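Peer 1: Only the shape, not the letters, is given here:
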C-alpha cells in the first residue's frame, strides 16, 4: 500500500473554521462552481470529523492519515478509483493553500498521479518511455489511458504478474463491457505495441495475431454539416457590440474560412498571425504538423476587431481568452460546442437533435470545397490531413457527384421466369 506523507510544515497555525473560510474564498476567486466548492468543503470536514472540528488546528498529519484510510478502502474495492483521485486532489488543494497561502487554478486536468497497480508501475513507465520519442503528447496520452485500463483490469482479475497473461485474458479484456465499441481499435493498436515491447525486452514470450482480434470495420455515417445559409444566420445572431460577441464571431468566422479545429483556434498566439502577408502559421495540436493557411480579409477583420476592441487587456500571448478572471485561454471541445449550442438555441434549433457541433464547421468547409470540384489532395492539404484517406469522407457530402457514380438498369434484361 502506498503511504502518503505531508510536506515540510510551516510555522503558521490556523483553526479549521478559519481554514475552511479561507479555502472557500480562494475557490470563489478562481470561479469554481458553487457545487464544486461545497463538495470539496464537505470532504474536508469529513477528514476532520468530530464535534469541535472548527475549533481544532489544521493538521497535515490528520489529513494524510484520512487519505491513507481511503487508500485502504480503495484496495478493498470499497471505493472507486475516480472517487479516490478526487479525494487525493482535495488533499493536494488543502496542502497548497496551507503552505503557500493561496490557490492557483491549473485548468480542468489538475496534475496528480493517476492510479496504476503497484505491480505494473515500472512496466507502464518503461512502455510509455519507449513510445515518447516518436509520438506527440496527445497521442501518447491515449496510449497511457488504454494501457492503464489494461493494468487495472488485470489487477481486478487477480493477474498480478505479467508472465501470467494469456491470449484468453487479452480477448476478455477487449470484450469487457467497460470497453466502448469505438475504443476497441485503439486498444488493439495499444496491445500490438505493448506486446512488441514486452517481447523485445524479454518480459514475456507470447505471440498473438492481433489482426485476428481486430473487429470488423464499422459503417461510418455521414455526419451533418452546415449550409452556407445556416452559417450566415449564426453569424447574424451574434451581438458583436460585446467582448464575448466579438470573440465568438471571430472564432466562428475563422473556423469557416480556414477549417481549423477548435483546439488549433484556441492555441493560436498573436505571433502566429502574419498581418503583412495575410498568413496564419501554426502547429496542429492533433498531428503536431505545421500548417500555413491564408488569412482572408473577412476573417482578419473579425480577429482584429476582437483583439483591439473586445479582448481583455492582459499580458497573454494567446489570442482567444476568457472574458472573466482568470483571463486564461479557451480550451477543450466543450467550449466550442457550448458556444454553438448558445447560438443554435437562439435560432430555435437544438444542438442535440441537429448533431451540428462546432466540429461541423470543419466538415462544412470540406464539403463546400468538394462541391466546387476541388481536387481531393488540395482539400487534404488545406485541412491539414497527412493523407487523403482522412479526407475521403468529405466526398460523401457531394450528392450530385455521388449520383453520377450510380449504375442504371438500362441494358440489363429481366427474365420473366425470375419474377414472382
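Peer 2: Okay, I see it. These numbers come from a predicted model, not from an experiment.
Peer 1: Local confidence estimate at residue 372?
Peer 2: Residue 372 carries a pLDDT score of 83 in this model.
Peer 1: cool, and the one 4 residues further on?
Peer 2: Here, the pLDDT recorded for residue 376 equals 85.
Peer 1: repeat for the one 5 residues further on
Peer 2: At residue 381 the predicted local confidence, pLDDT, stands at 87.
Peer 1: again with the one 10 residues further on
Peer 2: In the prediction, the pLDDT value recorded for residue 391 is 77.
Peer 1: How about residue 268?
Peer 2: Looking at residue 268, the pLDDT reads 94.
Peer 1: Also the one 3 residues further on?
Peer 2: Confidence per residue is given as pLDDT, and for residue 271 that number is 95.
Peer 1: Please name the residues that touch it.
Peer 2: By Cβ atoms under 8 Å, 6 or more residues apart in numbering, the contact list for residue 271 reads residue 317. The C-beta positions use only the backbone N, C-alpha and C, and glycine is treated the same way.
Peer 1: low pLDDT regions in the chain?
Peer 2: 1-12, 50-54, 105-113, 177-182, 212-222, 332-333, 351-352, 394-420 (pLDDT under 70).
Peer 1: any chance you could map the strands in the chain?
Peer 2: Ranges of strands in the chain, per DSSP state E, are 273-274, 279-283, 290-294.
Peer 1: Residue 389 is nearest to which of the ones you listed?
Peer 2: strand 290-294 (17.9 Å; Cβ to Cβ).
Peer 1: How about residues contacting the closest one?
Peer 2: 258, 260, 264, 278-284, 382, 384.
Peer 1: In CSV, list the residues you listed along with distance to residue 91 and neighbour count.
Peer 2: Below are those laid out as CSV (distance: Cβ to Cβ, whole Å; neighbours: other Cβ atoms under 10 Å):
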residue, distance to residue 91, neighbour count
258, 44, 24
260, 40, 25
264, 36, 24
278, 51, 14
279, 48, 13
280, 43, 22
281, 43, 14
282, 39, 20
283, 36, 13
284, 37, 18
382, 49, 18
384, 42, 22
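Peer 1: Residue 21: which of those is nearest?
Peer 2: Nearest member of these to residue 21, counting by Cβ to Cβ, is residue 264, at 42.1 Å.
Peer 1: got the contact list for the closest one?
Peer 2: 282, 284-286, 291.
Peer 1: Could you do residue 358 as well?
Peer 2: 255, 262, 333, 336-337, 339-340.
Peer 1: One more pass at 6 Å, please.
Peer 2: Going by Cβ atoms under 6 Å, 6 or more residues apart in numbering, residue 358 touches 262, 336-337, 340.
Peer 1: Also residue 348?
Peer 2: By Cβ under 6 Å, 6+ apart, residue 348 has no neighbours at all.
Peer 1: Highest neighbour count among the contacts of residue 358?
Peer 2: Neighbour counts for the contacts of residue 358 peak at residue 262, which has 26 neighbours (criterion: other Cβ atoms under 10 Å).
Peer 1: okay but that one is in contact with residue 335, surely?
Peer 2: No - counting by Cβ atoms under 6 Å, residue 262 does not reach residue 335; the two are 7.0 Å apart.
Peer 1: separation between the nearest residue to residue 162 once chain neighbours are set aside and residue 130?
Peer 2: Nearest residue to residue 162 in three dimensions, chain neighbours excluded: residue 203, at 5.5 Å (Cβ to Cβ, 6 or more residues apart in numbering). Plainly put, residue 203 is 12 Å away from residue 130 if you go by Cβ to Cβ, to the nearest Å.
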